[in-house]
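Trainee: I'd like to go over a predicted model; first the sequence, then the structure.
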Amino acid sequence: MAEEVKLFGGMWASLYSRRIEIALKMTGVQFEFIEEDLQNKSPLLLQYNSIHKKVPVLLHNGMPIAESLIILEYINETWPDNPILPRDPYDRAMARFWARFIDEKLIWVSWDAYRSKEEDQGKAIEEACKQLKALENELKEKEFFGGDTVGYLDIAAIMVASWFGVMQEVMKVELLTEENFPNLCQWVEKFVDCPIVKECLPHKEKMVEFIRVLLKDFLASR
């Protein structure tokens, strides 16, 4: 019997959903994408992720898995022919550590740097650059975080590859620059140029316009 694989994801701008799309396509898994209206969440989404009520959710043969980093690990274990996590236990642990660092620390301090008021922005930018330097040091001079090919940590770092450039253009606040982070900037170019990544990532111009609208609404509500 054929496997049932469905991905409940957000609109085109949802980078957490794009993580799962990239991983599934890299591993060669056929799946159905179901786009959720996050302003009017479907009963199925609320059923399959009753705790957080968020996308993405992967449905595999009727079994739901939520949270993008957890889904990536599930994909790696369920379809191991094209692994996205390193085979070495230590390297796997480090990839998981840095993926959580991105989600739990780097994204938030960077968001603070972009949205802070002028009097607070200097300190916020300094903190964001400190965290970016930590990620730069982890990458070193490798092609990708996993070595020669795109892997789990590269996919987790999609926010750095896509969101940072968009925010810098919209907010006119430069964090990720060639001068300060040459390895990360080179990684971004190589990562977004990968055929599967290029296929899944939203176009930058479209993202810029989307973020401009979001920020306009956000600033109007402050």
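Mentor: Happy to help now that I have it.
Trainee: give the contact list for the closest residue to residue 8 other than its chain neighbours.
Mentor: Spatial nearest neighbour of residue 8, chain neighbours left out: residue 57 (4.3 Å); criterion: Cβ to Cβ, 6 or more residues apart in numbering. C-betas here are computed from N, CA, C, even on glycine. The contact partners of residue 57, taken as Cβ atoms under 8 Å, 6 or more residues apart in numbering, are 7-8, 45, 48-49, 64-66, 71.
Trainee: ok, now residue 65?
Mentor: 57-59, 71, 74.
Trainee: possible to save those residues as a markdown table with pLDDT and distance to residue 123?
Mentor: Compiled in a markdown table, the contacts of residue 65 are given as follows (pLDDT from 0 to 100; distance: Cβ to Cβ, whole Å):
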| residue | pLDDT | distance to residue 123 |
| --- | --- | --- |
| 57 | 98 | 38 |
| 58 | 98 | 39 |
| 59 | 98 | 44 |
| 71 | 98 | 35 |
| 74 | 98 | 39 |
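Trainee: okay, now the unreliable bits of the protein?
Mentor: Residues of the chain that meet the criterion pLDDT under 70 lie in 1, 217-222.
Trainee: where do the strands of it begin and end?
Mentor: Under the criterion DSSP state E, the chain contains strands at 5-9, 32-35, 57-60, 63-66.
Trainee: nearest to residue 161, of these?
Mentor: Nearest to residue 161, of all those, is strand 5-9, at 18.1 Å by Cβ to Cβ.
Trainee: only alpha carbons, please: show the closest one as PDB.
Mentor: Taking Å, rounded to 0.1, in the frame of the first residue of the first chain, the C-alpha atoms of strand 5-9 are listed here in PDB:
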ATOM      1  CA  VAL A   5       2.300  11.800   3.200                       C
ATOM      2  CA  LYS A   6       0.700  15.200   3.600                       C
ATOM      3  CA  LEU A   7       2.200  18.500   4.700                       C
ATOM      4  CA  PHE A   8      -0.100  21.000   6.300                       C
ATOM      5  CA  GLY A   9       1.800  24.300   5.700                       C
END
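Trainee: just checking, what packs against the lengthiest helix in the chain?
Mentor: Counting residues, the longest helix in the chain under DSSP state H turns out to be helix 118-139. Other helices and strands packing on helix 118-139, by 3 or more Cβ pairs under 8 Å, 6 or more residues apart in numbering; DSSP states H and E, are helix 89-101, helix 107-115, helix 182-192.
Trainee: okay, those helices, which one's buried deepest?
Mentor: Across these, averaging neighbours per residue (mean count of other Cβ atoms under 10 Å) puts helix 107-115 on top, at a mean of 18.
Trainee: residues in contact with that helix?
Mentor: With Cβ under 8 Å, 6+ apart as the contact definition, helix 107-115 has outside contacts at 121, 124-125, 127-128, 131-132, 159, 163-164, 167, 171, 173, 175, 215, 218.
Trainee: do the same with stretch 191-204
Mentor: With contact meaning Cβ under 8 Å, 6+ apart, stretch 191-204 is reached by 12-13, 18, 21-22, 25-26, 144, 150, 154, 157-158, 161-162, 165-166, 169.
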